[in-house]
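Engineer: How does the following fold in three dimensions:
(chains A, B and C)
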Amino acid sequence: CLGGIAASSAMAQSSVAVYGVLDSGVVYTTNSNAAGDAVVKVPSLTGSVPSRLGFRGTEDLGGGLQAVFVLENGIGVDTGTAGQGGRLFGRQAYVGLKGAYGTLMLGRQINMTFLASVKSDVLGPNLFSMSSIDPYIPNARSDNAIGYLGAFSDFTVGATYSFGRDASAAGGPAATGCPGEAAGNAKACRQVTGLLGYDNKRYGLTATYDIMYGNTGAAAGLSTSDSSDRRATLNGYAMAGELRLGAGLMARKKVAATRANDLESDLYYLGASYPLMPALTLDGQVARHDVKASANDSTLAVLRLTYSLSKRTAVYSSIGRMRNGGLAAISLDAGGTVGAGLNQSGLSAGVRHAF
Amino acid sequence: CLGGIAASSAMAQSSVAVYGVLDSGVVYTTNSNAAGDAVVKVPSLTGSVPSRLGFRGTEDLGGGLQAVFVLENGIGVDTGTAGQGGRLFGRQAYVGLKGAYGTLMLGRQINMTFLASVKSDVLGPNLFSMSSIDPYIPNARSDNAIGYLGAFSDFTVGATYSFGRDASAAGGPAATGCPGEAAGNAKACRQVTGLLGYDNKRYGLTATYDIMYGNTGAAAGLSTSDSSDRRATLNGYAMAGELRLGAGLMARKKVAATRANDLESDLYYLGASYPLMPALTLDGQVARHDVKASANDSTLAVLRLTYSLSKRTAVYSSIGRMRNGGLAAISLDAGGTVGAGLNQSGLSAGVRHAF
Amino acid sequence: CLGGIAASSAMAQSSVAVYGVLDSGVVYTTNSNAAGDAVVKVPSLTGSVPSRLGFRGTEDLGGGLQAVFVLENGIGVDTGTAGQGGRLFGRQAYVGLKGAYGTLMLGRQINMTFLASVKSDVLGPNLFSMSSIDPYIPNARSDNAIGYLGAFSDFTVGATYSFGRDASAAGGPAATGCPGEAAGNAKACRQVTGLLGYDNKRYGLTATYDIMYGNTGAAAGLSTSDSSDRRATLNGYAMAGELRLGAGLMARKKVAATRANDLESDLYYLGASYPLMPALTLDGQVARHDVKASANDSTLAVLRLTYSLSKRTAVYSSIGRMRNGGLAAISLDAGGTVGAGLNQSGLSAGVRHAF
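Structural biologist: The predicted structure is shown next:
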């Protein structure tokens, strides 16, 4: 009979893990508009780590082979909305196979620029961080992508290839309107990223390369399939006892559809992380954004204190300052605003809980 | 190596509970338009209780302290869509800490007006209920909020403070377009709510206060940051054996951007709930909406019979009547329509399942 | 006290199962536009089976009665977005009661046309399949519906009645903008579907009927409540050892608001499925779309090879060809494009994982 059809194709329940992070707090920044007014806000996706809810699982297929999947969304805890341009699973949505030679993934996924500085950037996606200078860093994901990540003793290699890098035109750094997959155009909205890393217990080095193409309608001036945006990074860290030192460089070159939208810049950072007490960690970082042939350079300095209430729960506070040269208008807080050419100071505090 | 990075930050699975309520049925109402036509519908969010799916958890941090979180969405079971203006987690999205002195919450959350009548309003968010008269009652939530709720022997105190009460402009009572968090304006879209309650086994009293401010673009005439909408409530209930009696008053005063949108009104209600048999409960309520300096007053009467098939599942049926004076156009069913100045009768039946 | 109110109404956790399917890959098709260009893509919802994430549960109510619910969404794994017009739970969202005489369901649900060919169509919702010819087949769902499905020894009977068949106007075959539930119009956007089936171990037959009405704003020319779209199907299958043979016919007649949008067509299919080895299955199917009084007929041929890595995980590859007569422009791949009157060939490969 057909009676059993309404019950769907799932077979085992134990294979799904529900996980996530919720992080929220309050942030104060000065000079949030041209008049120099301050603002107080509840951050959207992130205070110290972007909020998310995910579903993932693995299945052992025998012979060292596994099936893997991740569905992970981004949550604006302040308003209960889905992040990444309103995508339901905007952080990751992929299925893949994992074996001794690495993992092959199909779908929307983080790309190699996302992974580049994970171990070297001590602040990571903190509300005050390099993410404010280049919002692509925490949004380095590719739609319509094939991905590979493999580990061979101390070496890591990875790559993604996307047939259409960003299908959402909702706006913001995670929704830039380049769906690609265009008949007769093998460049439109394609994206390639690659990573090579070496890590041991005391230090590590990671280099990445990322090139994305545009097409009609794409944001940020990439409105032809010949226009492109390239980022190359080199990142390193070293442990000195319990002190972690991290530093890196991202060199970017955008060749837009018109020269006015071109951009060439370097982003340097240097940071340190130190456990003052087992449960109390101090992180500090400076970063410098050098826009070539322009006075619109910016400098960022952030200190963060994190007190762990458990392995899964912490409270934290950050103070930071962004110095904007020329007419630069890079806000201290990711997604925030600042008057053009004004410096901005800020203070944030919040709570983070992983589950 | 970096191979483990794609696996995310979650650490324990056991800490997440998936829960929800699904409630659907059929509703018939008369005089649904100016021509007096009737309509038959499947309700959207609610028949007797709004449908939802949620994820929540607690973590014991020692010393009586807990980390808590809730992600709860609203589901239109009739169409499979997300409620609260299309928010992914529109009912609640918060993270917090709970201790002996109460719970502190950060994010989108229900506010004190939501809690005001939970024990006194025997119909609650029924499709035919006070929610039709003031749709804010079941939508009393605040974006970008800090909340507190504490219980001290028989007393309950609570409050919320929002830096921007409603970031969604999708329309409807849950998406009124007031994101706030505006630089240089400490009133724009702010909202403060407070609650004081006393309960024992035989009776209880709850008083609340709620003031919200507007800003450019906000709905309901609150299009300046000086405009405001205030609601004060007093609610009580008493048990007489198995009979629960509940009554209350909500006094509202809206000072809009223009005088034509001003509103001053009182909403009174009186109801009773009685278990005819252990599994069969009869609820009845009358409510009166008195709009000051206007003939547009409305009176609501509802009877509801609920038969519990288990602790988690019930079938129910409601009959109701809304009398609209003057040109009042308050529908009997939440989210419905009625011809201006017409009375409306209705019948609903449905099934509710909690999980 | 009120302190417990923020904790919600769920009572038992064990009653929810999280399940799903993720299916992604790469597809190549020729003649994707009028110029005859080829395209390479990552499929959206489906490679071989549409991707989804669901929550479902049953509760034993005693006496053979059960409460049942399903919340199931569709996921575009390529972009992390929700399918079915952006609905959160676009595949199914219903609550119901199940007893010896069948299951009664309320909410958004698959209708009988969805179930018609489940056992006879060996390709099902494959990316290359009949779904390309009539996109309604994998989207045969009704909003605002009451559904019934019952099994009596070898017979299955089912029906749905919808008060408003499709509340989303987001576009595409799953979002056709007909919310219905209009006062004073008992035809607007109503939909009725019915099914009668017989199955035993060796063969089965299923017949269905489906009529949907339009209203102002509805897509596909059904812009009056008098316009309608009817589909009647007859489907059968037989087992010859391990070989499954399946065949069927769908006769369609659309009476649109204007004659230019009328359509009368037959869709025939014949297919076979055979396990070459226990883990390796070959499926093949041909289908013919005969548009009455028109040369715009199309013919589809597909071969698919599936290798099961486990009961839950498989890799597969399909080859297919669509011949478009006249100015027919039916793409080989569901949701794809083809130049009008051009034939299209294609190759796909992917991985599917159920959890």
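
Engineer: where along chain A do the helices fall?
Structural biologist: A:83-86, A:112-116, A:130-133 (DSSP state H).

Engineer: Briefly note if the second one comes near chain C.
Structural biologist: Just to be clear, that refers to helix A:112-116. No - judged by Cβ under 8 Å from any Cβ of the partner chain, helix A:112-116 makes no contact with chain C; its nearest approach is 14.3 Å. Every C-beta, even on glycine, is put in place using the N, C-alpha and C of the backbone.

Engineer: Measure how buried the residue in the stretch 101-250 of chain A positioned nearest to chain B is and give me the count.
Structural biologist: Taking Cβ to the nearest Cβ, chain B has its nearest neighbour within the stretch 101-250 of chain A at residue A:151, 3.4 Å off. Residues near residue A:151, counting by other Cβ atoms under 10 Å in any protein chain shown, number 18.

Engineer: Quick check: beta-bridge partners of it?
Structural biologist: Beta bridges link residue A:151 to residue A:156, judged by DSSP bridges.

Engineer: picking that back up, got the helices of chain A as JSON lines, with mean pLDDT and distance to residue A:329 columns?
Structural biologist: Listed next are the helices of chain A as JSON lines, based on pLDDT from 0 to 100; distance: least, Cβ to Cβ, whole Å:
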{"stretch": "helix A:83-86", "mean pLDDT": "95", "distance to residue A:329": "22"}
{"stretch": "helix A:112-116", "mean pLDDT": "98", "distance to residue A:329": "23"}
{"stretch": "helix A:130-133", "mean pLDDT": "97", "distance to residue A:329": "11"}
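
Engineer: nearest to residue C:295, of those?
Structural biologist: Of all the helices of chain A, it is helix A:83-86 that lies closest to residue C:295, at 42.8 Å by Cβ to Cβ.

Engineer: Can you show me the CA trace of that closest one as CSV?
Structural biologist: What follows is the C-alpha trace of helix A:83-86 in CSV, where atoms were taken according to Å, rounded to 0.1, in the frame of the first residue of the first chain:
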residue,chain,number,x,y,z
GLY,A,83,22.1,36.0,8.4
GLN,A,84,24.0,35.8,5.2
GLY,A,85,21.4,37.6,3.1
GLY,A,86,18.5,35.8,4.7
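
Engineer: Is it in proximity to chain C?
Structural biologist: Yes - residues of helix A:83-86 contacting chain C under Cβ under 8 Å from any Cβ: residue A:84.

Engineer: ok, now stretch A:160-169?
Structural biologist: Yes - using Cβ under 8 Å from any Cβ, stretch A:160-169 reaches chain C at A:163, A:164, A:167, A:168.

Engineer: residues of that stretch that come out buried?
Structural biologist: Buried positions in stretch A:160-169, judged by neighbour count with 16 or more other Cβ atoms under 10 Å in any protein chain shown: A:160, A:161, A:162, A:163, A:164, A:165, A:166, A:167, A:168.

Engineer: Could you check how far the residue in the stretch 151-300 of chain A that chain C sits nearest to is from residue A:215?
Structural biologist: Nearest residue of the stretch 151-300 of chain A to chain C (Cβ to the nearest Cβ) works out as residue A:184 at 2.9 Å. As judged by Cβ to Cβ, to the nearest Å, residue A:184 and residue A:215 stand 12 Å apart.

Engineer: repeat for residue A:196
Structural biologist: When residue A:196 is compared with residue A:215 (using Cβ to Cβ), they lie 29 Å apart.

Engineer: where does the stretch 151-300 of chain A have low pLDDT?
Structural biologist: Along the stretch 151-300 of chain A, the model assigns pLDDT under 70 to no residue.

Engineer: just so I have it, where are all the strands in it?
Structural biologist: A:155-162, A:191-199, A:203-213, A:228-240, A:243-255, A:263-277, A:280-291, A:298-308 (DSSP state E, counting those that start in this stretch).

Engineer: List the pairing partners of the fifth one within its sheet, with orientation.
Structural biologist: Each strand that pairs with strand A:243-255, with its direction, by DSSP bridges: strand A:228-240 (antiparallel), strand A:263-277 (antiparallel).

Engineer: Save those strands as JSON lines, and put in mean neighbour count too.
Structural biologist: Output for these, formatted as JSON lines (neighbours: other Cβ atoms under 10 Å in any protein chain shown):
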{"stretch": "strand A:228-240", "mean neighbour count": "18"}
{"stretch": "strand A:263-277", "mean neighbour count": "17"}
